[in-house]
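*Asks:* sequence isn't available, so here's the structure alone:
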């Protein structure tokens, strides 16, 4: 279905390129999709470009397996390494309006400080600029640089060290907005963040402008300005994102555990107020935020509402073949229930355990399905519920190629249904 959809937009006259970046964070469902697109590749398919950061713990074996499936042609690989000194000199020459030879010493110094890491170089240049290391020369109409001052600046230990003073310069409302946004994710809906910050539209607009000016956020500035003239800056056109995932990580890491949990709780409660019957994305977001929040402050009614919402999100994820996401939602929902809910809210508790057990079978580590399925089996109220739980156990046995267990548990399930059969029909 995905292939046919893509082929609609692809032709020899108007070729389509599909670029999937940041695969180091991809879940198993996404990697399975990529493997299928590679394995079943046709000449009329669009060009597929995959990008990942090997240093982030992403298993090279995953990509090697994908390449092995590409049996008809070699997969071109481009390894993007650090910038060379000459690359840094060229970048500085273009930015400062100078000849490469004139910036050679500066390029060598910055290359030594950043080891050629492009993101580190960008953040270092931004911080130095904000500190006045590149003053404007009105007589020559260009930027200049103070090499001794730059050389005397502390050597940064990482992107977070560069961002800390930049964050400190922001107004309080801007810092809080970034903290809330970091708890949402790499990109976020400004309306949601503003609601949690409890800021006026004018205050929030000033906060966003300050973050954009500091290079911490990026987005369509024109769309943002249009959205601010509307009743509420919301929607895809007004969406903002962090300038880089390392910027997001640095802001998130700056939060204490208590402040982080409180922010997730506030975001979760706001999303719960906004969830509608058909708003699937809001449901996922609400469950994700609340599972990161402390459970101590939740009432009994809160827990039951969240458990039902978690089941709704898990079912939707299963329909989309996002099995890991479905398992995450179901496991979180089970965590909001009490042991007594098997008696007071049987259907909800049963459905969550069965769905969680099924998703574990479909995800790596099928052996973990047993606790969910066995719990459902032990608390089953009828034969059909017992068979439903047993069937998931059987699928787990099959996934592990434990054929003896498959036969044993299948015979047991058939006997529950009134079918008298032996494990060894031909045995005397």
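*Replies:* It's in. Being a predicted model, the structure only gives us computed values, none of them experimental.
*Asks:* not counting its neighbours along the chain, what's nearest residue 85?
*Replies:* Spatial nearest neighbour of residue 85, excluding adjacent residues (Cβ to Cβ, 6 or more residues apart in numbering): residue 111 at 4.8 Å. C-betas here are computed from N, CA, C, even on glycine.
*Asks:* residue 82 too?
*Replies:* Nearest in space to residue 82, with sequence neighbours left out and distances taken as Cβ to Cβ, 6+ apart, is residue 116 at 3.1 Å.
*Asks:* what about that neighbour, distance to residue 103?
*Replies:* Separation of residue 116 from residue 103 (Cβ to Cβ, to the nearest Å) stands at 15 Å.
*Asks:* neighbour count winner among those two?
*Replies:* Using other Cβ atoms under 10 Å as the criterion, residue 116 and residue 103 rank with residue 103 on top: 22 against 17.
*Asks:* the residue lying closest to the more buried one once chain neighbours are set aside and residue 99: what is the separation?
*Replies:* Spatial nearest neighbour of residue 103, chain neighbours left out: residue 92 (4.3 Å); criterion: Cβ to Cβ, 6+ apart. Look at residue 92 and residue 99: by Cβ to Cβ, they are 10 Å apart.
*Asks:* then residue 406?
*Replies:* 74 Å.
*Asks:* repeat that for residue 341.
*Replies:* Distance of residue 341 to residue 99, computed by Cβ to Cβ: 73 Å.
*Asks:* quick one, which of those two is more surrounded?
*Replies:* Set side by side, residue 341 and residue 99 show more neighbours around residue 341, with 19 against 10, by other Cβ under 10 Å.
*Asks:* buried set for the longest helix along the chain?
*Replies:* For the chain, the helix with the greatest residue count under DSSP state H is helix 300-319. Residues of helix 300-319 classed as buried: 302-314, 316-318 (neighbour count, 16 or more other Cβ atoms under 10 Å).
*Asks:* before we move on, the earlier item: now do the phi/psi pair for the residue nearest to residue 85.
*Replies:* Note on residue 111: its backbone torsions stand at phi -60, psi -40 [degrees, to the nearest 10].
*Asks:* same question, residue 142
*Replies:* Dihedral pair for residue 142: phi -160, psi 170, per degrees, to the nearest 10.
*Asks:* what pLDDT does the nearest residue to it once chain neighbours are set aside get?
*Replies:* In space, and not counting its chain neighbours, residue 142 is closest to residue 97: 4.6 Å by Cβ to Cβ, 6+ apart. Predicted confidence (pLDDT) for residue 97: 85.
*Asks:* other SSEs contacting the helix or strand hosting residue 119?
*Replies:* Taking DSSP states H and E as the definition, residue 119 sits inside helix 118-130. Under the contact definition 3 or more Cβ pairs under 8 Å, 6 or more residues apart in numbering; DSSP states H and E, helix 118-130 sits against helix 85-96, helix 104-114, helix 159-169.
*Asks:* I'd like those as JSON lines, with mean neighbour count and distance to residue 286 appended.
*Replies:* Formatted as JSON lines, the helices and strands packed on helix 118-130 follow (neighbours: other Cβ atoms under 10 Å; distance: least, Cβ to Cβ, whole Å):
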{"stretch": "helix 85-96", "mean neighbour count": "17", "distance to residue 286": "43"}
{"stretch": "helix 104-114", "mean neighbour count": "18", "distance to residue 286": "40"}
{"stretch": "helix 159-169", "mean neighbour count": "17", "distance to residue 286": "28"}
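*Asks:* looking at those helices, which has the lowest confidence?
*Replies:* With a mean of 79, helix 159-169 has the lowest mean pLDDT of the helices and strands packed on helix 118-130.
*Asks:* so what secondary structure elements neighbour that one?
*Replies:* helix 118-130, helix 245-253.
*Asks:* between the shortest one and helix 159-169, how big is the angle?
*Replies:* Following axes from the mean of the first three to the mean of the last three Cα atoms, to 10 degrees, one obtains 60 degrees for the angle between helix 245-253 and helix 159-169.
*Asks:* mind listing the strands for this protein?
*Replies:* 17-20, 47-50, 136-137, 142-143, 187-188, 217-219, 240-242 (DSSP state E).
*Asks:* would you turn the ones you listed into CSV with distance to residue 159 and mean neighbour count?
*Replies:* Formatted as CSV, these follow (distance: least, Cβ to Cβ, whole Å; neighbours: other Cβ atoms under 10 Å):
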stretch, distance to residue 159, mean neighbour count
strand 17-20, 24, 12
strand 47-50, 25, 14
strand 136-137, 27, 10
strand 142-143, 23, 13
strand 187-188, 18, 18
strand 217-219, 15, 20
strand 240-242, 11, 21
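*Asks:* now render those strands as TSV, adding distance to residue 154.
*Replies:* Formatted as TSV, the strands of the chain follow (distance: least, Cβ to Cβ, whole Å):
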stretch	distance to residue 154
strand 17-20	37
strand 47-50	38
strand 136-137	24
strand 142-143	22
strand 187-188	31
strand 217-219	25
strand 240-242	24
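*Asks:* can I get those in CSV including mean pLDDT and distance to residue 80?
*Replies:* Converted to CSV, those look like this (pLDDT from 0 to 100; distance: least, Cβ to Cβ, whole Å):
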stretch, mean pLDDT, distance to residue 80
strand 17-20, 85, 14
strand 47-50, 83, 13
strand 136-137, 84, 33
strand 142-143, 83, 28
strand 187-188, 88, 23
strand 217-219, 85, 21
strand 240-242, 89, 21
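*Asks:* how about the nearest residue to residue 391, chain neighbours excluded?
*Replies:* residue 413 (6.7 Å).
*Asks:* let me know the pLDDT of the one you found.
*Replies:* pLDDT at residue 413 comes out at 92.
*Asks:* residue 61 too?
*Replies:* 56.
*Asks:* same check on the one 3 residues further on?
*Replies:* For residue 64, the model assigns a pLDDT of 62.
*Asks:* returning to what we had before: the helix holding residue 119: which residues count as buried?
*Replies:* 120-128.
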